[in-house]
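Peer 1: Mind folding the following:
(2 chains)
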Amino acid sequence: MIVARGLTKRYGQVRAVDDLSFTVRPGVVTGFLGPNGAGKSTTMRLMLGLDHGAGRTEFDGHSYAELAHPAQTVGVLLDAKAVHPGRTARAHLRMIAAGAGLPARRVEEMLDMVGLGGAGSRRSGGFSLGMSQRLGLAAALLGNPRTLMLDEPANGLDPEGMRWLRDLLTSLAAEGRTIFVSSHLLNEMAVLADALVVIGQGTLVAAEPTEQFVARNSRPEVLVRTDRPRELAAVLHRAGLASTPQADGSLLIATGDTDIVANLAMNARIVLRELTARHSSLEDAFFTATAGATEYRGQSCVERA
Amino acid sequence: MSDALRYEFIRFRSLRSTWVLLLTGPALQFLIAMIWAGHHDMTTNARFSQSFLGLFLVLVALPSIAVAVNGFGHEYRYRTITTTTLTLRAPGRILGAKAIVAGLGGAVSGALLVGATLLAEVLMGSVPTDPALVGQALLGSILFTVLCCLVGLGVAQVSRNGTIALLTMVVFPVIVETGLGFTRISPSALPFRAAEAFLTTNRWTLLLPLLAITVVLLGASWVSLRRRDA
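Peer 2: Predicted coordinates:
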């Protein structure tokens, strides 16, 4: 279990991480989400003591500095490309294994496990981002740790690699390990993460099960198609339901109850060609939850035009 | 500490550039010694001593200094300092392991410089007859390269930049100390120049200025590792 309390990091007057507290439970994969610049990487570095700041993070009751055998307690992947390009994958892992007091056989086991068994003698400078991610995962798993902290491990992985990573993390969590994974890939997180820690501009937005987060930040909607959208909109308005016309002529109604919409349309003798309850995705919920906490936002094509 | 040393030693030996650089210095020294060995107007002992004098010693030591500089220079350039810090954790352990391995590399390189000089003399048909002279050169060469390597390592840590560190290790002894040599400052107070002189003069005090700089820079490195973000 990871327990983070009061994590704070300042750069001059700017608070990159502001009094962040959360708990990451074992047995599930916990996603760590936030917009660009929200402070995810800084938070992870604070948790490990790499950056100096306020607060304390405990891994099974001890801070990283207090751990007797850190590699066997916390496996870390923060930057997959942070490897000397002239060093072979095998030498990179042997170096870490030696420093952590781990047997050399773990190196070969991990190379095989991440699918780099045939590339162990290749210099890491020639690795693709996906291969570097696999090497970083091998390094994180060297000590067979009870906790894994991974920063964007899915970046650069091909679809097969994504599925492999998902299966790996899910199986590790099922063994009772604590898995804490940051990612920008919301669709991947929707499939992978059982719980979420969401931050925005360095502050905690949510720390709860994924389903709960989506439900809490969702707006129930019903989509209808009809040949008489204006008349249906008026009927809905009289019944106290707001509707928004869409570009394709459909109506988006602010309710989760399809029966009410169907009954109102039938009573008004309006034929419906589609009636669909729309469920918000994690992406929708994420944008809703972090709407006020996004520091860097691109201009949309429509706005530019 | 033994795990930290094993970590650092694997880091040191698993790069091809380490071996190329460590052998470059002795190869250059061999060429310089061959040139001096051709001066048959001088005694064998004088030719041997001349091979170690002047700015050439800094230049032949530079490749091994570069290896030491890379001890921290590569860590910051390739952002591997994070892995090193997470694995070894204690700043003292990180710095200690790097200093020991860089120092050992410097010592081997320093010994090879003398070996290369002797080889050149033998190939030209003569060997220095004074064992004390050879012993002094061996001791001086080892201590000079070890201290230079540690200074380079310290500058690389404090600046977090291998290029700056290597430039410092060229500019200070070659340009700054040469310039200061034209002033009234005693040559024995110029760190690199005084340490060079120890190769031919058995005066331990000549090493003190460079030793002092080494201690200050390693101390600053330790403080920097403790206080700055990794």
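
Peer 1: need the helices for chain B, in chain order.
Peer 2: B:2-13, B:16-37, B:44-50, B:56-77, B:81-88, B:91-123, B:131-159, B:162-170, B:177-181, B:191-197, B:208-227 (DSSP state H).

Peer 1: How about the last one and chain A, touching?
Peer 2: Yes. Helix B:208-227 comes into contact with chain A when judged by C-beta under 8 Å from any C-beta of the partner chain, the residues involved being residue B:227. The way it works is simple: take the backbone N, C-alpha and C, and place the C-beta from them, glycine included.

Peer 1: relative to helix B:81-88, how tilted is that helix?
Peer 2: 90 degrees (axes from the mean of the first three to the mean of the last three C-alpha atoms, to 10 degrees).

Peer 1: Pull helix B:208-227 out as CSV, backbone CA atoms only.
Peer 2: Output in CSV follows, covering the C-alpha atoms of helix B:208-227 (Å, rounded to 0.1, in the frame of the first residue of the first chain):
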residue,chain,number,x,y,z
LEU,B,208,48.8,20.0,-1.4
PRO,B,209,47.1,22.7,-3.6
LEU,B,210,45.6,20.1,-5.9
LEU,B,211,44.7,17.9,-3.0
ALA,B,212,42.9,20.9,-1.3
ILE,B,213,40.9,21.6,-4.5
THR,B,214,40.0,17.9,-4.7
VAL,B,215,38.7,17.9,-1.1
VAL,B,216,36.7,21.1,-1.6
LEU,B,217,35.1,19.9,-4.8
LEU,B,218,34.2,16.4,-3.5
GLY,B,219,32.7,18.1,-0.4
ALA,B,220,30.7,20.4,-2.6
SER,B,221,29.6,17.4,-4.7
TRP,B,222,28.4,15.7,-1.5
VAL,B,223,26.4,18.8,-0.4
SER,B,224,25.0,19.2,-4.0
LEU,B,225,23.9,15.5,-4.0
ARG,B,226,22.2,15.9,-0.7
ARG,B,227,20.5,19.3,-1.3
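
Peer 1: Tell me the spatial nearest neighbour of residue B:196, not counting adjacent residues.
Peer 2: Sequence neighbours aside, residue B:57 is the residue nearest to residue B:196 in space, at 5.2 Å (criterion: C-beta to C-beta, 6 or more residues apart in numbering or on different chains).

Peer 1: tell me which element residue A:153 falls in.
Peer 2: Using DSSP states H and E, residue A:153 sits within no helix or strand.

Peer 1: Please tell me how far it sits from residue A:102.
Peer 2: 21 Å (C-beta to C-beta, to the nearest Å).

Peer 1: Contact partners for the closest residue in space to residue B:164 that isn't next to it in sequence?
Peer 2: With C-beta to C-beta, 6+ apart as the criterion, residue B:164 has its nearest non-adjacent residue at 7.2 Å, and that residue is residue B:155. Residues in contact with residue B:155 (C-beta atoms under 8 Å, 6 or more residues apart in numbering or on different chains) are B:69, B:164-165, B:168-169, B:217.

Peer 1: which among those residues end up buried?
Peer 2: Among those, those buried by neighbour count (16 or more other C-beta atoms under 10 Å in any protein chain shown) are B:69, B:165, B:168-169, B:217.

Peer 1: Looking at the residues you listed, spot the one nearest residue B:129.
Peer 2: Residue B:129 lies nearest to residue B:169 out of the buried ones among the contacts of residue B:155, by C-beta to C-beta, at 34.6 Å.

Peer 1: hang on, the closest one packs against residue B:150?
Peer 2: No. Applying C-beta atoms under 8 Å, one finds residue B:169 not in contact with residue B:150, separated by 11.1 Å.

Peer 1: which residues touch the residue nearest to residue B:196?
Peer 2: Contacts for residue B:57 (C-beta under 8 Å, 6+ apart) come out as B:141, B:144, B:196, B:199.

Peer 1: do you know how far the spatially most central residue of chain B is from chain A?
Peer 2: In chain B, the centroid-proximal residue (C-alpha atoms, centre = their mean) is residue B:145; its distance is 2.7 Å. According to C-beta to the nearest C-beta, to the nearest Å, residue B:145 and chain A sit 23 Å apart.

Peer 1: Contacts only, for the residue nearest to that residue when sequence neighbours are not counted.
Peer 2: Residue nearest to residue B:145 in three dimensions, not counting chain neighbours: residue B:110, with 3.7 Å by C-beta to C-beta, 6+ apart. Residue B:110 is in contact with B:61, B:64, B:138, B:141-146, counting by C-beta under 8 Å, 6+ apart.
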